[in-house]
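> Here is a sequence with its predicted model. Questions after.
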Amino acid sequence: MAARIDHLVTSGTFALDGGEWDVDNNVWIVGDDTEAIVIDAAHDAAAIEAALNGRTLRAIVCTHAHNDHIDAAPALADATGAPILLHPDDLPLWKQTHPDRLPDGELADGQELEIAGTTLKVLHTPGHAPGAVCLYAPGQATVFTGDTLFQGGPGATGRSFSHFPTIVASIRDRLLALPPETTVRTGHGDSTTIGVEAPHLDEWIARGH
C-alpha cells in the first residue's frame, strides 16, 4: 500500500521571549496502514496517538524546536516508543521547553528517512530557527515546511534565534528550486504550492517580512 498523508490540527500556546500566543498547529502523519512518521508533535499527544490508529510510529520528526511544535513530543515518544529527531542547531531552543529530556537522534541536511515506501529528504532551512528543516517527499510531490514557508510568505523572524536574510536564502536556494507543482504543507494554516509562492520572493524581500 502506498504511503498517504494524514492531517491533524491541534491547538495550544506558543511561548518565546516572554510572550505567549494561542496557536493552531498542523500535525502531518506520513505512512500506510501499518507504519508512519509524525512531523511536529504539537500540543496533544493523545490526539496524535489516536490519529495513528494503532500504526507503528517509526519517528517523531521536528521541523524546529519552538515549543508549539515539540511540546507533545516526549509524551508521544513515551506512548509509542518512537525516537524524536531534531537538527542539533535547535538544541538551545529545545532545552527551553524540555530541559530534562533530549531528542533521541539528529537530523542532517541531505539525510533520507524512509517510511512505507516513501522517501523524505531533510533540507536544512535555517532562518525561522537555526535548526529548522523541511522534509521533501518527491514521490508525493510534497514538501513539509514547518514554519519556514507559508501561504503568502516566509515564517516570522522577529524573535530570538531567527534571522530574516537567512530565511530568505533558505527559501530561495532550497525550496523555490523544487518543482513548481510541489505542494507546500505548512506548520500553520493552509497549504500552497512552490509555483504559487515563487513569484513573490522579491516582494517579501522588499517588505522585510
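Right, received. Where do you want to start?

> Show me what counts as buried in the helix or strand bottoming out on mean pLDDT in the chain.
Least confident helix or strand of the chain, by mean pLDDT, DSSP states H and E, is helix 201-207 with a mean of 92. Under the neighbour-count criterion of 16 or more other Cβ atoms under 10 Å, helix 201-207 has Trp204 buried. The C-beta positions use only the backbone N, C-alpha and C, and glycine is treated the same way.

> Then stretch 33-51?
Neighbour-count burial for stretch 33-51 flags 35-45, 47-49, 51 (criterion: 16+ other Cβ under 10 Å).

> can you give me the helices in this protein?
Applying DSSP state H to the chain gives helices spanning 45-52, 67-70, 73-80, 91-97, 164-170, 194-197, 201-207.

> where among these is the average confidence lowest?
Among the helices of the chain, helix 201-207 carries the lowest mean pLDDT, at a mean of 92.

> Can you list the neighbours in contact with stretch 73-82?
By Cβ atoms under 8 Å, 6 or more residues apart in numbering, the residues outside stretch 73-82 that reach it are 38, 41, 45, 48-49, 52, 56-60, 62, 83-84, 98, 101, 104.

> one step back: for the helices of the chain, give me TSV that also has distance to Glu114.
Shown next, in TSV, are the helices of the chain (distance: least, Cβ to Cβ, whole Å):
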stretch	distance to Glu114
helix 45-52	18
helix 67-70	23
helix 73-80	18
helix 91-97	24
helix 164-170	24
helix 194-197	23
helix 201-207	32
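
> what about the protein, any weak spots by pLDDT?
1, 209 (pLDDT under 70).

> Please enumerate the strands of it.
4-16, 19-31, 35-39, 56-61, 84-86, 105-106, 112-115, 118-124, 133-137, 142-146, 149-150, 153-154, 183-186, 192-193 (DSSP state E).

> Please save the CA atoms from the third one in PDB.
Pointing back at strand 35-39 there. Written as PDB, here are the backbone C-alpha positions of strand 35-39 (Å, rounded to 0.1, in the frame of the first residue of the first chain):
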ATOM      1  CA  GLU A  35       3.600   2.300  10.000                       C
ATOM      2  CA  ALA A  36       4.000   6.100  10.000                       C
ATOM      3  CA  ILE A  37       6.200   9.100  10.800                       C
ATOM      4  CA  VAL A  38       4.800  12.100  12.600                       C
ATOM      5  CA  ILE A  39       6.000  15.600  11.600                       C
END
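
> Hey, what's the angle from it to strand 118-124? Just curious.
Angle of strand 35-39 versus strand 118-124, following axes from the mean of the first three to the mean of the last three Cα atoms, to 10 degrees, is 20 degrees.
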